[in-house]
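In: sequence isn't available, so here's the structure alone:
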């Protein structure tokens, strides 16, 4: 990573440590969000990273953006950062204008379009109640397009995921939309891959924090006259946690490298499949290490474990990517080692 | 959490990978060797070692003046991956290439380097590693084999055990006690000696592996004379010298790929059967392999850039996690494709399955037990 990238990430991480306390994360559960940090992110150009300069972007590439998304995951920041930036990425991919206000996205089925009027219902749309715009897949008789929809025209019903993050129902009834040309199959798969990479980034951040909180707690908590990390059975848990964290972090970094090299389907698929075990182990072990205190609302651990339990079921999941790898293996006369080493 | 670099192989490195692969495939096709699982421990074939020595593929990272090629750690990593992916018999020269060479380059005398390294690189001189003793396994610093100073050298008495391939090796780098054991400083007073395994007083007794095969040995030393010029590094510094090479030993592809030939056969079988659900299940193994390979290559890259001291903990983690993965391949494969494991089976899947199952228990023991590694990793991450 370049020095400039590291500087952007340092600045972002400082903002998040300074402003996103445990109490600030909690406000999302009362239906509020962290407008203060959002303004800081906007003022400092974080929201425009990886948007091209002709669209008023701030420069930077997807690796920078994914690392910022990872940081918002690491601090459970209650801001629509991943949503707005992914929506804009979709709009750029489809040659539509990007937006400066809050946006959200959907790559699910549910909307149809005819004569530029969109109809249908989308479920579990992140942050819809706070967003001004929605970028979504819509189906026409020509194929799948991306539509940019002004959410003031929509009916929005509040709902939330396991972490109390807004996941709303969006109902559209003959709503006006800007529409892209029909997407190619490659574009559709590309967007699903990038959506998966965003989830991997968020989960990586939450994994890092759950790991750090747990190691810290094992040093502070004393029983039988010594810190619990001194017990061998606890050490075994610490290694499981550290191992899964190391694998997740390396997986994320390799996904970023693969995206920059424009050859990334295998990496994203493997990472997403691998995160199933990582999330199961990390959430289980982190809670076991924290014992009773970690099960309270007062302690911060649940802000990360609840997000991991939510995010793993959002977007294209491990089954989707297993299917895609299995399909490839079944339909190509490739040797496994050549496939893994990309030397077909 | 430690940060490991990502590695993008260069075009030259990819070309080298293809060169090695073609070479190995050609030799497998003409019957020079029969691919097998765990071939880096159980495939000792001196004639094959000479063939790869002629290619310049032993000691390939060493200086040219000692018979090396001055290639990178990443090139060696690629070579090792290709050996293991196909299951080539590289056990004879394995320890000399992986451990003895780097040890001598770092601590050996000019005379030792000039004498041993070119022979090792030609695939003609093999080294065993004399560490464990009957009462010193994980607690290695408690070794009792002792060397006493005499005129012109040392007299060694004692016993090593689990010495892989000592019966085909010419020498053993042997950890011995050169000062009495001090409970307060148990790592002091240890030294590394190169012992000629054909010297008078050396007796090698086979320990049959559970398959009946001969890989391990007991090595007895009865008043064996070792001349002064066969001391490696400094007397009393043996512990630190041995530790320095552990990252190479623990993080390599051989901690991930020992049962890869079985995974390859599993995918072939599932493809032939058109079993999409089975393939989907098998993608979990591929994703675990990928996740571990990222760590292992990251450590190799850090070793290449000279950050060896930074990687002791990640290297131990790679071994602890990678060997569990190697062990799990037969356990999962047999649930996806019907197997009848037999060492002499005609069907490759059954044969690799048998080799994998029977060799598996050793993976998490050799080169540092999982329990010892866990202890190191836990202390390392807590201390950070």
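Out: Ah, there it is. Because the structure is a prediction, the values reported are computed rather than measured.

In: quick one: the residue of chain B most remote from its centre from chain A, how far?
Out: No residue in chain B has its C-alpha farther from the mean C-alpha position than residue B:274, which lies at 36.9 Å (CA atoms, centre = their mean). Per CB to the nearest CB, to the nearest Å, residue B:274 is found 7 Å from chain A. Any C-beta I mention is one placed from the backbone N, CA and C, and that applies to glycine too.

In: quick check, that residue in a strand?
Out: No: inclusion of residue B:274 in a strand is not indicated when DSSP: H, G, I helix; E, B strand; the rest coil is applied; the result is coil.

In: where in the stretch 1-150 of chain A is pLDDT low?
Out: Scanning the stretch 1-150 of chain A with the threshold set as pLDDT under 70 gives A:1-2.

In: picking up where we left off before, could you find the closest non-adjacent residue to the residue farthest from the centre of chain B?
Out: If the residues on either side of it in the chain are set aside, residue B:274 comes closest to residue A:330, at 6.8 Å by CB to CB, 6 or more residues apart in numbering or on different chains.

In: then residue B:132?
Out: Computed as CB to CB, 6+ apart, the closest residue to residue B:132 that is not its neighbour in sequence is residue B:162, at 4.8 Å.

In: counting contacts, what elements does the lengthiest strand in chain A pack onto?
Out: Longest strand of chain A, by residue count under DSSP state E: strand A:167-179. Packing partners of strand A:167-179 (3 or more CB pairs under 8 Å, 6 or more residues apart in numbering or on different chains; DSSP states H and E): strand A:111-114, strand A:117-126, strand A:133-140, strand A:143-150, strand A:155-157.

In: out of those, deepest packed?
Out: When these are scored by mean count of other CB atoms under 10 Å in any protein chain shown, the highest mean neighbour count falls to strand A:133-140 (a mean of 24).

In: and residue A:70, which of the helices and strands packed on strand A:167-179 is closest to it?
Out: Distances from residue A:70 to each of those were compared using CB to CB; the minimum, 16.8 Å, belongs to strand A:117-126.

In: for the helix or strand encompassing residue B:270, packing partners?
Out: When elements are assigned from DSSP states H and E, residue B:270 belongs to helix B:260-272. Packing partners of helix B:260-272 (3+ CB pairs under 8 Å, 6+ apart): helix A:318-331, helix A:336-340, helix B:73-86, helix B:276-304, helix B:312-336, helix B:348-363.

In: for stretch A:186-206, buried residues please.
Out: Of the residues in stretch A:186-206, A:187-188, A:191-206 count as buried by neighbour count, 16 or more other CB atoms under 10 Å in any protein chain shown.

In: if you could redo that for stretch A:323-333, that was the one I meant.
Out: Of all the residues in stretch A:323-333, those buried under the rule 16+ other CB under 10 Å are A:323-326, A:328-329.

In: need the residues of the stretch 101-250 of chain A near chain B, please.
Out: For the stretch 101-250 of chain A, the residues found near chain B under the criterion CB under 8 Å from any CB of the partner chain are A:208, A:211-212, A:215, A:218-219, A:229, A:232, A:235-236, A:238-239, A:242-243, A:245-247, A:249-250.

In: what's next to the longest strand of chain A, contact-wise?
Out: Under the criterion CB atoms under 8 Å, 6 or more residues apart in numbering or on different chains, residues A:96-97, A:106, A:111, A:113, A:116-129, A:134, A:138, A:145-151, A:153-161 lie in contact with strand A:167-179.

In: tilt between the next helix or strand after it and strand A:133-140?
Out: Next along the chain after strand A:167-179, taking DSSP H and E as the criterion, comes helix A:185-220. Compare the direction of helix A:185-220 with that of strand A:133-140 by axes from the mean of the first three to the mean of the last three CA atoms, to 10 degrees and you get 140 degrees.

In: run through who's touching the helix or strand just after helix A:185-220.
Out: Using DSSP H and E, the helix or strand that follows helix A:185-220 towards the C-terminus is strand A:222-223. When contacts are taken as CB under 8 Å, 6+ apart, the neighbours of strand A:222-223 outside the stretch itself are residue A:228.
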